[in-house]
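# below: sequence and its predicted model.
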Amino acid sequence: MQLRRLRNMIIIMLYIAIAFVITFYILSMKYPHASAFSYETCRATYDMTDDLFKTLNGEVPEGASNVASAAPSTHLKTAPNGKASHVAVLMYHYVVPKKYNVEPNNARINLEAFEQGMKFLHDEGYHTATLQELEQYVQGKIQLPEKTVVLTFDDGYQNNVVYAYPVLKKYGFKANIFIVGTKLSDEKQKFIPTAKTTISKQEMKATSDVFAYHSHTYNLHYKRLVQCAEYYAAGKDSKRFTHDIELMKSKTGINTPYFAYPYGEYDPQMVYDLKRNGYRMAFTVRPGFVHPGDDPMYLPRMNVTSTTTVRHLLNLPDE
């Protein structure tokens, strides 16, 4: 009799313990900032999901699920004389004359500094590679000149075509704009130097001799509450992201296999969705150089600001 009562008591305690664990888990997912342990429980759940996804799909190498990490490179340490062992992808956003730069930050560069940087590249004999060339270089199919850079601009601000385009054209440079599809207007907007006006389809066509245009999502360049009560790039919602890819292609006509992650944020599911929809190369905001053999879905870029010279970013010695 006592043995049966003890057994029943143990079973009841076990059920209570299980109920407590389940309740705590649900509350941790719903209120992750209630305690440090709640947050860690929530994060561990999503990390485990990502790891499982990677294992099942083989899409993402170890350590590549965060903004600041990247796939391990298998590139050669040396290159033939006169050929590039690595290539810098330079990243710009907003280009405006210093007198109009009313909100200086790391996403804005004074036109004067931009012009100085482009003049340096020209005078030093740099080749501005296209993304097609960069893709072949990463694949090991071609070699590029030792002095090679790739120029990229994010978001699609109108000042890119008003101010940057003439400078690039002057030096015979090629560049790329990763544009947010909903910001692409049908008609040219009135340009105001201090406003965040964006590129029109008319301007996109008129500047195609210098700029190639690629996706920065159609309408997912914002953050939303996704995991553990934290804000993440909206593209981390797979259903939303897949639909956005379809909209970008159908609404804007931009259908290249190249992509830039908004805010540089990505996860295994995003990479899987990009590959499944024909994308072959994608760019982060993690600083570093691109090498042959790098994973093309996690390529780094160098952010250029008014206070950072191109010479410094390229690790060149001062004169």
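In hand now; what should we look at?
# okay, now the unreliable bits of the protein?
Residues of the chain that meet the criterion pLDDT under 70 lie in 1-2, 17, 19-77, 223-234, 318-319.
# and the helices in it?
Listed in chain order, the helices found in the chain under DSSP state H are 2-30, 36-57, 111-123, 131-138, 158-159, 165-170, 201-206, 238-247, 268-276, 310-313.
# can I assume Ala282 is in contact with Tyr258?
Yes: if you go by C-beta atoms under 8 Å, Ala282 and Tyr258 touch, sitting 7.3 Å apart. No exception for glycine: its C-beta is placed from N, CA and C like everyone else's.
# Leu274 - how many residues pack around it?
Look at Leu274: counted by other C-beta atoms under 10 Å, it has 24 neighbours.
# and the longest strand belonging to the chain, what does it pack onto?
Of all the segments assigned as strand in the chain under DSSP state E, the longest by residue count is strand 148-155. For strand 148-155, the helices and strands in contact under the criterion 3 or more C-beta pairs under 8 Å, 6 or more residues apart in numbering; DSSP states H and E are strand 88-92, strand 127-128, strand 175-179.
# ok, Thr128 - contacts?
Contact partners of Thr128, counting by C-beta atoms under 8 Å, 6 or more residues apart in numbering, are Leu121, Thr148, Val149, Val150, Leu151, Phe173, Lys174, Ala175.
# kindly apply the preceding question to Leu184 instead.
When contacts are counted by C-beta under 8 Å, 6+ apart, Leu184 touches Gly156, Thr198, Ile199, Ser200, Lys201, Met204, Thr252.
# do that again at 7 Å, thanks
Applying C-beta atoms under 7 Å, 6 or more residues apart in numbering, one finds that Leu184 lies in contact with Gly156, Thr198, Ile199, Lys201, Thr252.
# phi, psi of it?
For Leu184, the backbone dihedrals are phi -80, psi 110 (criterion: degrees, to the nearest 10).
# burial of the closest residue to Glu112 other than its chain neighbours, as a residue count?
With C-beta to C-beta, 6 or more residues apart in numbering as the criterion, Glu112 has its nearest non-adjacent residue at 5.7 Å, and that residue is Lys98. For Lys98, the neighbour count with other C-beta under 10 Å is 12.
# how near is Lys98 to Tyr263?
26 Å (C-beta to C-beta, to the nearest Å).
# rewinding a little: out of the contacts of Leu184, which two sit at the greatest distance?
Pairwise distances among these were taken by C-beta to C-beta; the largest, 12.2 Å, belongs to Thr198 and Thr252.
# got the contact list for stretch 161-168?
Stretch 161-168 is touched from outside by 95-96, 111, 114-115, 118, 153, 175, 191, 199, 203, 207, 210, with contacts defined as C-beta under 7 Å, 6+ apart.
# for it, measure first residue to last.
Separation of the first and last residues of stretch 161-168 by C-alpha to C-alpha, to the nearest Å is 10 Å.
# before we move on, what about stretch 101-108?
By C-alpha to C-alpha, the extent of stretch 101-108 from end to end equals 8 Å.
# go ahead and name everything in contact with it.
Contacts of stretch 101-108 with the rest of the structure, by C-beta under 7 Å, 6+ apart, involve His93, Tyr94, Val96, Asn110, Thr194, Asn303, Thr305.
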